[in-house]
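[1] My questions concern the predicted model and sequence given below.
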Amino acid sequence: MKAKLGIAPIAWWNDDLAELSDDVSLEECLSQAHRAGFTGMETGRRFPLDPGVLGPILKRYGISVCGGWFSGLLLDGDIAAEKDRIAPQIDLFKAMQAPCIVYGETAGSIQGDRGRPLATKRRLSEDQIKAYGRRMTTFAEWCADQGMPIAYHHHMAAVIETEPELDLLMKHSGAGLALLYDAGHMAFAGGDVLRVIDKHHARISHVHTKDVRMDVINGLDRTKESFLDAVVKGAFTVPGDGSLDFEAIVKRLASYGYEGWFVVEAEQDPVANPPLRMAQIGHAELLRVMVAAGYAVEA
């Protein structure tokens, strides 16, 4: 089986919390990712949107686009409007030969609001998730027809956060809606990271290898502290520096034949956790568990 290792720029610059950003250019970010051994990077706010500009920069560092976030509003919005909003990103990602767009539902999400405690996140009934799942399936099928699939990102402080919420979304959506599996977000939400793979492996098309510090998470007061408060406190980190058993996680994915990108996405304080050093730790741990799971990592 084959795998590719990528990383997200959120370790260098946080799009939701400017204070958690290292003062580095896109070129330095790519250079450090390359030095750490990664061959892919998801997009971020400092990426040029013109493929004619972005392509040569990425080529200089041996990096390709391995995904990137889209702030979806389909829960409360109009499918036609969402098609218009995502169309430029589809065009860019097709030009860059990216594997997918990461769809994050931001309607009703409190993930970017430091004034909203985790316990106040929006909750949907099963009937609401059923209707949402149908709309997401239609939208995902349209994106795939345009030549760029999406992968749905379950996420802390968003409407699809917990294992039961994800189960309902998968139950009430079609196979055309692929899943981004994020072990860190699922662990933070109290889910069983291996059971989620067992249940939904057929839908997993993209993987974020986010680790967590469970002592930080367990110490949170969710009635008072927000998602961003948790990030500032150090809830997330790279594989090999946290609480999750990534050898078990990767072996479980391998047992179902998953092939594709494994992307490190670990937002934390870049001063206390220098991005290059953390990227090197994450890459070394992923290489170790990939070998143990029988993957051949593509350079």
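    Perfect, I can see it now.

[2] Stretch 11-30: which residues count as buried?
    11-15, 17, 20-22, 24, 26, 29-30 (16 or more other C-beta atoms under 10 Å). C-beta: built from backbone N, CA, C; applies to glycine.

[3] Closest to residue 151 out of the residues you listed?
    The nearest member of these to residue 151, counting by C-beta to C-beta, is residue 15 at 18.3 Å.

[4] Report the spatially closest residue to the most centrally placed residue in the chain, excluding sequence-adjacent ones.
    Nearest to the mean C-alpha position of the chain, by C-alpha atoms, centre = their mean, lies residue 208 at 4.9 Å. Ranked by C-beta to C-beta, 6 or more residues apart in numbering and with sequence neighbours excluded, the top spatial neighbour of residue 208 is residue 182, at 4.1 Å.

[5] and that neighbour, how many residues sit next to it?
    As a burial measure, residue 182 scores 24 neighbours (other C-beta atoms under 10 Å).

[6] quick one, phi/psi of it?
    Reported as degrees, to the nearest 10, the phi and psi values for residue 182 are phi -130, psi 100.

[7] My read is that it contacts residue 155, right?
    Yes: Residue 182 is within contact range of residue 155, at 7.4 Å (criterion: C-beta atoms under 8 Å).

[8] quick one: low-confidence ranges for this structure?
    Within the chain, no stretch has pLDDT under 70.

[9] any idea where the helices of it begin and end?
    26-36, 51-60, 79-95, 126-145, 163-171, 183-188, 193-200, 214-218, 227-233, 246-255, 275-293 (DSSP state H).

[10] Counting by contacts, list what the first one packs against.
    The elements that helix 26-36 packs onto, with contact taken as 3 or more C-beta pairs under 8 Å, 6 or more residues apart in numbering; DSSP states H and E, are strand 40-41, helix 51-60, helix 275-293.

[11] what lines up beside the first one in the sheet?
    Sheet partners assigned to strand 40-41 using DSSP bridges are listed as strand 2-7 (parallel), strand 64-65 (parallel).

[12] gap between the residue sitting furthest away from the middle of the chain and residue 168?
    The C-alpha centroid of the chain is most remote from residue 127, which lies 26.5 Å away (C-alpha atoms, centre = their mean). Distance of residue 127 to residue 168, computed by C-beta to C-beta, to the nearest Å: 10 Å.

[13] ditto for residue 192
    From residue 192 across to residue 168, the span is 16 Å (C-beta to C-beta).

[14] who has more neighbours, these two?
    More crowded of residue 192 and residue 168, by other C-beta under 10 Å: residue 168, with 20 against 12.

[15] before we move on, back to that, out of the helices and strands packed on helix 26-36, the one nearest residue 202 is which?
    helix 275-293 (18.6 Å).

[16] got the angle for that closest one vs helix 26-36?
    Taking axes from the mean of the first three to the mean of the last three C-alpha atoms, to 10 degrees, helix 275-293 and helix 26-36 form an angle of 40 degrees between their directions.

[17] ok, residues contacting helix 275-293?
    For helix 275-293, contacts defined as C-beta atoms under 8 Å, 6 or more residues apart in numbering pick out 3, 5, 7, 11-12, 22, 24, 29, 32-33, 35-38, 209, 211, 237-241, 246-247, 249-251, 253-254, 262, 264, 266, 268, 297.

[18] List buried residues within those.
    For the contacts of helix 275-293, buried by 16+ other C-beta under 10 Å: 3, 5, 7, 11-12, 22, 24, 29, 32-33, 36-38, 209, 211, 237-241, 246-247, 249-251, 253-254, 262, 264, 266, 268, 297.

[19] follow-up on the earlier one: go ahead and confirm the residue nearest to the centre of the chain touches residue 263.
    Yes: at 5.3 Å, residue 208 counts as touching residue 263 under the criterion of C-beta under 8 Å.

[20] Isn't residue 3 up against residue 299?
    No: between residue 3 and residue 299 there is no contact under C-beta under 8 Å: 11.3 Å.

[21] need the contact list for the spatially closest residue to residue 118 that is not a sequence neighbour.
    Closest residue to residue 118 apart from its sequence neighbours, by C-beta to C-beta, 6+ apart: residue 222 at 4.1 Å. Counting by C-beta under 8 Å, 6+ apart, residue 222 makes contact with 117, 118, 119.

[22] Distance check, the second one against residue 24.
    Okay, so that is residue 118. Using C-beta to C-beta, residue 118 is found at 30 Å from residue 24.

[23] same deal with the last one?
    Remark: distance between residue 119 and residue 24 (C-beta to C-beta) = 35 Å.

[24] One more: the first one?
    Distance, residue 117 to residue 24, by C-beta to C-beta: 32 Å.
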